[in-house]
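Student: My questions concern the predicted model and sequence given below.
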Amino acid sequence: MPSTKVCVLRSAGTNCDQETAAAFSLAGARAELLHINSLVSGARTLDDFHILALPGGFSYGDDIASGKIFANELRFKLADALRKFIDEGKLIIGICNGFQILVKSGLLPGNKQWDQEASLIINDSAKFEARWVYLTGPAGRCVWTKGLEKIIYLPVAHGEGKFVTRDKDVLNRLKKNKQIVFQYCDAQGKISGYPDNPNGSLESIAGITDSTGRILGLMPHPERHIFSAQHPRNGNLKSKSGDGLWLCQEDGKPLPPGLQIFKNGVKYVKEKL
Amino acid sequence: MQYKIEVVDKPGIFDAVGQGVSKDIFDLGIASVKEVRFIQVYTLEGNLAGGQVLSICQELLTDKVAQDYKILSGQSNNYLKANQHIVEVAYNPGVMDPVEASVLKGIQDLGISSVDSVKTAKKYIIFGKLSPAQLKTISEKLLYNKLIQHVVSPSLVEGGTKHLPGYRFNLITIDLIRATDAKLSEISKKGQLFLNLNEMRQIRDYFRKIKRNPTDCELETIAQTWSEHCYHKTFRGNITYKESKATPALGNITIKNLLKSTIMKVTKELNKEWCVSVFKDNSGVIKFDKDNNICFKVETHNHPSALEPFGGANTGIGGVIRDSMGTGLGAKPILNSDIFCFAPPDLAFNKVPVGSLHPKRVMKGVVSGVRDYGNKMGIPTVNGAILFHEHFAGNPLVYCGTVGIIPKDKSFKQTNKGDLIVVVGGSTGRDGIHGATFSSGELTHESETVSSGAVQIGNPIEEKKVLDTILQARDQNLYTAITDCGAGGLSSAVGEMGAELGAKVYLDKVPLKYSGLSYMEIWISESQERMVISVPPKNIDQLIAVFANENVNAAVIGEFTGSRRLELYYQDNLVCDLAMQFLHEGIPQIAKKAVYIQSKHREPKITAKKNFTADLLKLLAHYDICSKEWVVRQYDHEVQGGSIIKPLVGLQNDGPSDASVTKPLFNSNKGIIISNGINFRFGFIDPYWMAASCIDEALRQIISVGGSLKEIAILDNFCWGNPDKPDRLGGLVRAAYGCYAAAKAYGVPFISGKDSFYNEFSVHGKSTPIPGTLLISAISVMEDVRKAVSMYAKEAGNLIYIVGNTRDELGGSHYYDLYQAVGNNVPKVYYEEAKKTFSALSKATEKGLVKAMHDCSDGGLAVALAEMAFSGGLGMEIFLAEAPYSSLDKRNDFLLFSESNSRFVVEVEKAKQKEFEKILKGNFFGLVGCLTKKPDFKIFGLDGKVCLDANINKLKESWREPLKW
């Protein structure tokens, strides 16, 4: 079985690269940190990898708008390589700033021309906020979210995370195609307002996938919940169900939900690629 | 050709920035504004084809889903209607605009290379009836700071980017060797050198001996090296100290070197094998595990934050992060800690000193500055505190700390003769001139005009790039030493690195942001995001390539020579030639006088009461005690994935954590505990006991989360008034001796520290000092983070213990503050008793017997109990008579609100009662009650009658309300 190789792509201002690589390693993949310059210069190629991960951070300082400059690099410098990568059936995950990049480059929700149809704009609270959120995952087509329980618990940390679409049609298409992967909710799984929905996202959308289900973008940080000790109430672990901690199981052992997401990606590669 | 482009949210998109400003205007007391709309403005200069401008607008500057753009030319604002006002704010020439480089890069990515410059501006359209005076107030109080920004005239496109004039070399010398004393003083004052007459004479004598006059560059170099900020003259000088009526008495003594007599003495005497590098490097280093060390440094950035809160705090945190990057051969920063002191945010505008900003604006700016830099660097801010007092109105305190992790074999540096001097990172501009000397004098109402050059804003992404590449170069063993460019700029960095060897620098080789800088400005500029490294010549190509690969500047600017001289050239002209020995050892010994007279404070008159619920509600809403969630949430405390005990904990993740616990390595459960102790109120009574209490507070927080006294190191940060005034210095001496006594008794060494003096604000000659404030930061290694304990109540039915003795020590308490009194019975520390308690509790947490533990400090037992209860969403029933106490005249309020040291509230399961009590045997402790499902917080007084009764949600609301902005 070939080992799963992950490219954790970074640029000036990326800052969740190491923990994202660690999460993939823990999930059984071989993760490599790669600076975007080495792809643009041709020193390295995406052909070497099965999974492309766009980690969180403040690429180019979030100047102009979050993820914008990185997104343009993908569109104008790496388009061919990326199209090939996607056409080969490989996987992409964009977390936080990575999600912003995927949306602003038009890869998500995704259409042939990579035309931008959605955006992540400044939070309704007008400020950066870090907090843990409950997420509910409507049964969807995404390969990254298989086997997740109904409610999971992950932290968000962003100032520009409010998901909006160009128009109602885009939203309806997302719903119809089951491309909405995560929605912010309360501890019981009910869609609710601030602060459960930390940024005012349309329909409480926290993460979406493309029409193939192989590209996932989400604002919350799964790489920050790969150990149970990272859970904010780790001191009181015999919690009742519903608080998103012990819901995933592997070999009868509890599995933090963030780790489950990375394992899904690795498993898919091992089975399908 | 110039293009001005405005980007605005599409109709229907919520304008969050505009809304925020709107709310702030209302808070200013102006109710007539209906709406504020925010517009981002870009001004491009270059030769562009029409299609290219459109492409830049559509593909880069605008989010086509949420925004529209408009390209302006000529008269742009004729669409303005009645009762609409425009304020457009742009950066002053010479102030770095961090967005500029990103936009240029984005334009190049589009294949367009003909744009020469980009400027950004923020435009606000304000709807509503406003007088010109009101508009001015809004602009000045909310929208811009004239030190770094200006309002662009609204009616026209601005006349291009203001180009700075070029520079033609002209060597400037100062006639020192013939100068009289009066002239010497004048030279020091006019040049903002902040050197005293004695020091000026010493410099004159040196130049008389070598028979020439100094250049401006030489004089500046000496002034910076000898500044209080760099040399710590007060702590290292001679002090004649006299005191009266103080307990414990220090007597009338002569102190040769206060630092070596107190702070450093403890470390030397304790001689801990796990202390790796103390008081030498840019931060203190202790052992972490068999492969790694950790380092910790806390800095202050008070004066810059007073003038420009965002920029001051921004560059403050940026600077202390560089301290970590400049430790050993470069540590990786893994967490930040930020502690602030402000005047109350509701201070009446007429009480704000002339020339100062309103404290709410200062606070918002400081928090934004820390948020911006810390978050963008990807370093979690996991610990902090915010305190308030009116005397911080002109001079707030901003402490920023960073912990780094560093491989054991990279923990030391050694510059060698022949190594090249390389400056890495940001280019040098005219920003931050005179920061080091500026912070060595008092702030006045004129500082904002006189010292505006000292103010700057940072570019965290530049520093992040430097960090990413430095660590690669470090791991490839490409350089031999590294230090950061902080206060004093290259002058201080090269001066320190070359102190033993000597250095030769070619100033024209330093990369500049723009032309026009003189050789002297290049040398002393404090432009941010720069590091200096020493590189063996054989490694230089490989080293430059590491940086170039990620678009980081690295330039060879000179070499370390072995001449023991500091030689600076500009275009082949020698502009500085000083003996390193004179520079570093020539400073005359300073002698200062210190006097401490124990003052007597008014005791409050508190009439006997039966119920203290109202007092508790008031205390919970005290600015010092209330929830800081509004601040904490703006910091990313989860990045790097290592946060275990977070700053906010509890059923709803909103309770006030004690210390933080961080797990820095993915493959190990070993952790780092960080805490802080700060309480200037005790210092009103006696700085000696303030210091001891601060140390106790920092240590008991570490105990609270499951740490132990075994391996704790501490840092001191003194922020004090003018040390040339004997009364201020007297308090400082007592504080330093208090530090010695407590650290020695607890066996915790100091590993690093910093002092910031001249924290006074004078208006027309009348000076107000800040309360002398000591911050103790503590760091400890925790064997297994899975044993960490948090402060919130866990389960109904569990038992509540109070551990530690409560005494009649209400002096300096927040309870007395409710009565505008200070009192005299300052809390003391009973070391033997406390050490025993600490080690018993460590044993209990190690054995897993503790479900929750909370440190008892500001507001006393009542506040600690209430916080534990409402954070866990549970009620409590407490019987005060079971709590250990002595000499309290049987007063419930004293027991509830005294701030005696070394006390804890502990939750234990019933099943663990026996085992827990067995471990605690011989200590002051009492089983005082239990947790209830019913959300009532009820305390029975010493007489057995209810003396405090409230719903926990009401308590929590009172605690959350004051800073819920």
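Tutor: On my side now, so go ahead.
Student: Going by C-alpha atoms from here, please, whenever you check contacts or count neighbours.
Tutor: OK.
Student: Helices of chain A, start to end?
Tutor: With helices called from DSSP state H, chain A shows them at A:17-26, A:36-40, A:68-77, A:79-87, A:97-104, A:168-176, A:257-272.
Student: Which pLDDT does the model give B:Pro333?
Tutor: At B:Pro333, the pLDDT value in this model is 98.
Student: quick one: contacts for it?
Tutor: Counting by C-alpha atoms under 8 Å, 6 or more residues apart in numbering or on different chains, B:Pro333 touches B:Ile321, B:Ser324, B:Met325, B:Ile379, B:Thr402, B:Val403, B:Gly404, B:Ile405.
Student: ok, B:Lys504 touching B:Arg564?
Tutor: No. Between B:Lys504 and B:Arg564 there is no contact under C-alpha atoms under 8 Å: 9.9 Å.
Student: Between those two, which has more neighbouring residues?
Tutor: Taking other C-alpha atoms under 10 Å in any protein chain shown, B:Lys504 and B:Arg564 do not tie; B:Lys504 has more neighbours (24 against 18).
Student: Which residue, neighbours along the chain excluded, lies closest to that one?
Tutor: Leaving aside its chain neighbours, B:Lys504 sits nearest to B:Glu567 (4.7 Å; criterion: C-alpha to C-alpha, 6 or more residues apart in numbering or on different chains).
Student: So for residue 188, what pLDDT did the model give?
Tutor: Just so you know, I chose chain A. On the pLDDT scale, A:Gln188 gets 90.
Student: The chain in question should be chain B.
Tutor: Note on B:Ser188: pLDDT of 93.
Student: So for the helix or strand containing it, what gets flagged as buried?
Tutor: In this structure, B:Ser188 sits in helix B:181-190 according to DSSP states H and E. Buried residues in helix B:181-190, counting neighbours by 16 or more other C-alpha atoms under 10 Å in any protein chain shown, are found at B:Leu184, B:Ser185, B:Ile187, B:Ser188.
Student: Likewise for stretch A:173-190?
Tutor: Of the residues in stretch A:173-190, A:174, A:177-187, A:189 count as buried by neighbour count, 16+ other C-alpha under 10 Å.
Student: Taking those together, which two end up most distant?
Tutor: For those, the maximum inter-member distance is 26.4 Å, found between A:Asn177 and A:Ala187 (C-alpha to C-alpha).
Student: Looking at the contacts of B:Pro333, which is nearest chain A?
Tutor: Taking C-alpha to the nearest C-alpha as the measure, chain A lies nearest B:Ile379 of the contacts of B:Pro333, at 8.4 Å.
Student: Can you tell me how far the closest one is from B:Gly401?
Tutor: 11 Å (C-alpha to C-alpha, to the nearest Å).
Student: shared neighbours, the two?
Tutor: Jointly contacting B:Ile379 and B:Gly401 under the rule C-alpha under 8 Å, 6+ apart are B:Asn336.
Student: so what's B:Gln58 up against?
Tutor: Contacts of B:Gln58 (C-alpha under 8 Å, 6+ apart): B:Lys64.
Student: can you give me phi and psi for the residue of the stretch 851-965 of chain B found nearest chain A?
Tutor: With C-alpha to the nearest C-alpha, the shortest gap between the stretch 851-965 of chain B and chain A falls at B:Lys851, namely 7.4 Å. Dihedral pair for B:Lys851: phi -90, psi -40, per degrees, to the nearest 10.
Student: sorry, back to before: can the helices of chain A go into a markdown table with extra columns for mean pLDDT?
Tutor: Shown next, in a markdown table, are those (pLDDT from 0 to 100):
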| stretch | mean pLDDT |
| --- | --- |
| helix A:17-26 | 97 |
| helix A:36-40 | 96 |
| helix A:68-77 | 96 |
| helix A:79-87 | 97 |
| helix A:97-104 | 98 |
| helix A:168-176 | 96 |
| helix A:257-272 | 95 |
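Student: okay, now the residue of the stretch 851-965 of chain B closest to chain A: neighbour count?
Tutor: B:Lys851, neighbours per other C-alpha under 10 Å, totals 22.
Student: what does B:Gln224 give?
Tutor: As a burial measure, B:Gln224 scores 29 neighbours (other C-alpha under 10 Å).
Student: what about it, helix or strand, and which?
Tutor: Element membership of B:Gln224, judged by DSSP H and E, is helix B:216-225.
Student: Skip ahead from that helix and say which helix or strand is next.
Tutor: Later in the chain than helix B:216-225, the nearest helix or strand by DSSP H and E is helix B:228-231.
Student: hang on, the earlier thing: using CSV, write out every CA atom in the helix holding B:Ser188.
Tutor: The C-alpha trace of helix B:181-190 is given here as CSV (Å, rounded to 0.1, in the frame of the first residue of the first chain):
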residue,chain,number,x,y,z
ASP,B,181,28.7,72.4,31.9
ALA,B,182,25.8,74.5,30.9
LYS,B,183,26.5,73.7,27.2
LEU,B,184,26.8,70.0,28.0
SER,B,185,23.4,70.0,29.6
GLU,B,186,22.0,71.9,26.7
ILE,B,187,23.5,69.4,24.2
SER,B,188,21.9,66.5,26.1
LYS,B,189,18.5,68.1,26.3
LYS,B,190,18.4,69.4,22.7
